[in-house]
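Undergrad: Okay, predicted coordinates and the sequence, questions at the end:
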Amino acid sequence: MRQFLIAMTVAAVILAGVFAIYAVVKSRPQDLPWTPLNLAEKPGMFTGPKLAALGDDFTQCRALLDKAGVRYTALEPVRPAQAQCGYADGVRPTGGSAALRYAPSGLGMACPVAAAMAMLEWNVIQPAAQKHFGSPVRTIEHFGSYNCRRLYGRSSGDYSQHATADAIDIAGFVLRDGTRITVVGDWDGSGAKGAQKAAFLREVRDGACQLFATTLSPDYNAAHRDHFHLDQANRGVMGWRACR
């Protein structure tokens, strides 16, 4: 009798676990590593690694952009002499919600970066701008994406994710009402609307940590005092992620 009760208890626990997993799959598929990525969903525990993994499948990445309504132009492959540089999955975003644009214009980036930037805009940037300023972001100011170089521009060592367009450096934002928020000028919270601007920038940084494999801000080092470095280094579903 006792063994029977133990067996029934174990079975009940297993059944409860199965139902719990099913409930998560139904309500929060983005929190599970094996469910398909959907750019329209809110970010979850495994959204970031799934976005980075799109670097292995340009066709799937473009299909996800298309399904989510992201407008873009696919770029011709770039194959320089250096084997560590170049890309074959480049896209140029051509519009977002609220007529969002990048400045300077003509920015190209690897598809996983574009997918993450779309999710960052929808889930973090625009909601935070409305909360703090009551105005949407019109322009994202940047320092570029593709750059065939090593980390920190050194003459030796590992190549940067910029070398494959898998990174973007964000310098600031301009709201529809003309308000400008820059990393270099507003991270410390000084000046007009200083507290609001600093809070906005930190919300963007923290939100990017959910979507990018690497997110570096002025809190990391002096080299990032004027921008956010966001990249999609594919370190696997359970690989380490950097957020600073």
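TA: Arrived safely. Numbers count the residues shown, from 1 in each chain.

Undergrad: okay, now the domains of the protein?
TA: Domains of the chain are assigned by automatic domain parsing as 1-32, 39-243.

Undergrad: Now find how far off-centre the longest one is within its chain.
TA: Translated: domain 39-243. Relative to the chain's own centre, domain 39-243 is displaced by 6 Å; criterion: CA atoms, centre = their mean, to the nearest Å.

Undergrad: Pretty sure Ala116 sits against Thr214.
TA: No. Ala116 is beyond contact range of Thr214, at 11.2 Å (criterion: CB atoms under 8 Å). (Glycine included, C-beta is placed from N, CA and C.)

Undergrad: Which residues are in contact with each of these two?
TA: In terms of CB atoms under 8 Å, 6 or more residues apart in numbering, Ala116 and Thr214 are both contacted by the residues Leu230.

Undergrad: more neighbours, these two?
TA: Shown here are Ala116 and Thr214; by other CB atoms under 10 Å, Ala116 has more neighbours (28 against 22).

Undergrad: That one sits in which helix or strand?
TA: In the assignment (DSSP states H and E), Ala116 maps to helix 111-120.

Undergrad: Give the buried residues for the helix or strand just after that helix.
TA: Once the chain leaves helix 111-120, the next helix or strand it forms, by DSSP H and E, is helix 126-133. Within helix 126-133, the residues that count as buried by 16 or more other CB atoms under 10 Å are Gln126, Ala128, Ala129, His132, Phe133.

Undergrad: Okay, now the unreliable bits of this structure?
TA: The model of the chain has pLDDT under 70 over residues 1-27, 95-99.
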